[in-house]
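J.: Predicted model follows, preceded by the sequence.
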Amino acid sequence: MIDTENNNGLDKFIYISYPDTQEKTVNAFITALRQAGYHICCKTDIGDTQAESKQINDCEVFMPFLTVDYRQSSFCWPELELAFDLYKYKIFPVVIGNEREVKNSLPSNMKMWLSGKKTIKLKEPIDIDRFMEKINQTTILQSCRSEILGDIESLTAEECFQKAMAYHSGTNGKRNYQEAIKWATLAANKGHVSAPNFLGMMYSRGIGVVKNNAEAFKWGKLAAERGDAQGQHNFGLLYYQGIGVKKDYAEAFKWSKLSAEAGFSPAQSHIARMYAMGEGVAQDYGEAYKWNKLAAEQGDSYGQYNLGYAYENGYGVAKDDEEAFKWYKIAAENGHDKAQYIVGYRYLDGLDIAKDDGQAFKWFMKAAMQGNALAQNQVGVMLFTGRGVTKSLTEAVKWYKLAANQGNVEAQYNLACMYRFGYGVIQNYSEAKKWYILAATQGDAYAKEALADLENQYTQRHN
């Protein structure tokens, strides 16, 4: 991406496209452009036709202008499809090739204006300034620029960003991530504070664009420098995770703290973790408690869960089981799966709360539905025993399997037993052995014992 924020016209940034076979022929033209202070954006091969190869002296420089609606996105010639973006970012597009061949490559529903006033034979001496001056003075340039840009230039940065969000969410009737990227880029180039953060996230996740960590870092940096709180935190996470840049906890802490100080709750709970772990900053449980409390009071489920953990273990605050359960319950109600699992266990064992198997199953199921492997296994156990729920061996197998496939060792052992004895599933010693081995490999003593017993049974059966 070229920085065009300070480019006020179509006269300095130039996109050049030409067939590879004409590289030597157009080299003088490109050199002259650069010497005259023009910036070459990129070079793309537009084809290598026989006519272009044989008629080098017929190559010309000309402007491609569209008279069709660019929004249809049905262009067969990629250079013309790109023209809208070039104009949008105030980049002057030039195509080099044989005029007849270029005309023939156009779809029948397209037109191209080719005027002798804006054509240069490459075999002649090249006067770049005179050429560009004529181009910029043509009424064709202005009318085509107006046709392609429409009212884009009159839109504010916020209006462009709202268009991006509408395409991203589909609230305008059709979701289109590519269009969202286009409008967000335009908004960012117009100075919008939040647009760069959106672009950074799209590039880091590969949504609507090829995943590109370097681009994610570039846009994230711009968002952070513009003072967007969410952007500062996300930029810090790039350093924290080493995405597009070398991992650096100190730099990650710096940016996330700026975000936290601006009141962004995910950043507050994140730097609380960094204080607790001593990542990029000296370990300080008191500071961790402070930032978790700020996040928790804003409704951040991670801050609420971490606050419960702090009270349970006495990290940065006096131990208080009642306060711990209070914050775990709040986090659980706010959808935090680990908190839901803990609340389930508190009800199951009657820790600081009256025993309630029904409530225990309810919270285990909530966590299990979010993919929490510990909770999935516990749901299986309760379905197997009928505790807090109607007994169902087939359902127990289902939840054991979900947890086992995530590597939960207890679920792997439980699933092996179900296959071994035919509980809720057709008896299958091979499957039983497979899951016992997986559990035993993780060091489960019961699985090792069961595996040895299964082997002995097999040996006795075949002796």
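T.: Yep, it's here. Numbers count the residues shown, from 1 in each chain.

J.: So which bits of the longest helix along the chain are buried?
T.: Longest helix in the chain by number of residues (criterion: DSSP state H): helix 445-461. Using 16 or more other Cβ atoms under 10 Å as the test for burial, helix 445-461 gives 446-448, 450-451, 454. All C-beta atoms are positioned from the backbone trio N, CA, C, and that covers glycine.

J.: got the contact list for that helix?
T.: 409, 412-413, 416-417, 420, 429, 432-433, 436-437, 439-440 (Cβ atoms under 8 Å, 6 or more residues apart in numbering).

J.: Looking at the residues you listed, which are in helices?
T.: Using DSSP H, the contacts of helix 445-461 in helices are 409, 412-413, 416-417, 420, 429, 432-433, 436-437, 439-440.

J.: Quick check: PyMOL command selecting the buried ones in those.
T.: Command for PyMOL that selects the buried part of those, burial taken from 16+ other Cβ under 10 Å:
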select buried, resi 409+412+413+416+417+420+432+433+436+439+440
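
J.: Same list (the ones in helices among the contacts of helix 445-461) but as JSON lines, adding distance to His336 and pLDDT.
T.: Converted to JSON lines, the ones in helices among the contacts of helix 445-461 look like this (distance: Cβ to Cβ, whole Å; pLDDT from 0 to 100):
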{"residue": "Val409", "distance to His336": "24", "pLDDT": "97"}
{"residue": "Gln412", "distance to His336": "26", "pLDDT": "97"}
{"residue": "Tyr413", "distance to His336": "27", "pLDDT": "97"}
{"residue": "Ala416", "distance to His336": "31", "pLDDT": "96"}
{"residue": "Cys417", "distance to His336": "31", "pLDDT": "96"}
{"residue": "Arg420", "distance to His336": "36", "pLDDT": "94"}
{"residue": "Tyr429", "distance to His336": "40", "pLDDT": "92"}
{"residue": "Ala432", "distance to His336": "35", "pLDDT": "94"}
{"residue": "Lys433", "distance to His336": "37", "pLDDT": "94"}
{"residue": "Tyr436", "distance to His336": "33", "pLDDT": "95"}
{"residue": "Ile437", "distance to His336": "34", "pLDDT": "95"}
{"residue": "Ala439", "distance to His336": "28", "pLDDT": "96"}
{"residue": "Ala440", "distance to His336": "33", "pLDDT": "95"}
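
J.: how about the ones in helices among the contacts of helix 445-461, which pair is most distant?
T.: Val409 and Tyr429 (20.3 Å; Cβ to Cβ).

J.: Regarding Thr171, what is its secondary structure?
T.: At Thr171 the chain is in coil, as set by DSSP: H, G, I helix; E, B strand; the rest coil.

J.: Could you report the distance from it to Ala180?
T.: As judged by Cβ to Cβ, to the nearest Å, Thr171 and Ala180 stand 11 Å apart.

J.: So what's the residue count around the nearest residue to Asn408 once chain neighbours are set aside?
T.: Spatial nearest neighbour of Asn408, chain neighbours left out: Ala373 (4.2 Å); criterion: Cβ to Cβ, 6 or more residues apart in numbering. Counted with other Cβ atoms under 10 Å, the neighbours of Ala373 add up to 20.

J.: and Ala373, how far is that from Ser301?
T.: Taken as Cβ to Cβ, the span from Ala373 to Ser301 is 19 Å.

J.: likewise Val281?
T.: 23 Å.

J.: Compare neighbour counts for those two and give me the winner.
T.: Ser301 (22 against 17).

J.: Let me know the pLDDT of that one.
T.: Per-residue pLDDT puts Ser301 at 96.

J.: From Ala223, how far out is it?
T.: Relative to Ala223, and taking Cβ to Cβ, Ser301 is found at 24 Å.

J.: Torsion angles phi and psi at Gly263?
T.: phi 100, psi 10 (degrees, to the nearest 10).

J.: quick one: pLDDT of it?
T.: On the pLDDT scale, Gly263 gets 96.

J.: residues in contact with it?
T.: 229, 298.

J.: if you set the cut-off to 7 Å instead, what comes out?
T.: Residues in contact with Gly263 (Cβ atoms under 7 Å, 6 or more residues apart in numbering) are Ala229.

J.: For Lys190, give me phi and psi.
T.: According to degrees, to the nearest 10, Lys190 has phi -90, psi 0.

J.: thinking again about what came up before, I'd like the ones in helices among the contacts of helix 445-461 as CSV, with distance to Leu393 appended.
T.: Putting the ones in helices among the contacts of helix 445-461 into CSV (distance: Cβ to Cβ, whole Å) gives the following:
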residue, distance to Leu393
Val409, 21
Gln412, 17
Tyr413, 16
Ala416, 15
Cys417, 11
Arg420, 13
Tyr429, 18
Ala432, 15
Lys433, 20
Tyr436, 19
Ile437, 23
Ala439, 19
Ala440, 24
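
J.: ok, Ala195 touching Ala188?
T.: Yes - with contact defined as Cβ atoms under 7 Å, Ala195 reaches Ala188; the gap is 3.9 Å.

J.: Give the other helices and strands that the host helix or strand of Leu374 contacts.
T.: In this assignment (DSSP states H and E), Leu374 forms part of helix 373-385. Under the contact definition 3 or more Cβ pairs under 7 Å, 6 or more residues apart in numbering; DSSP states H and E, helix 373-385 sits against helix 337-349, helix 357-369, helix 393-404, helix 409-421.
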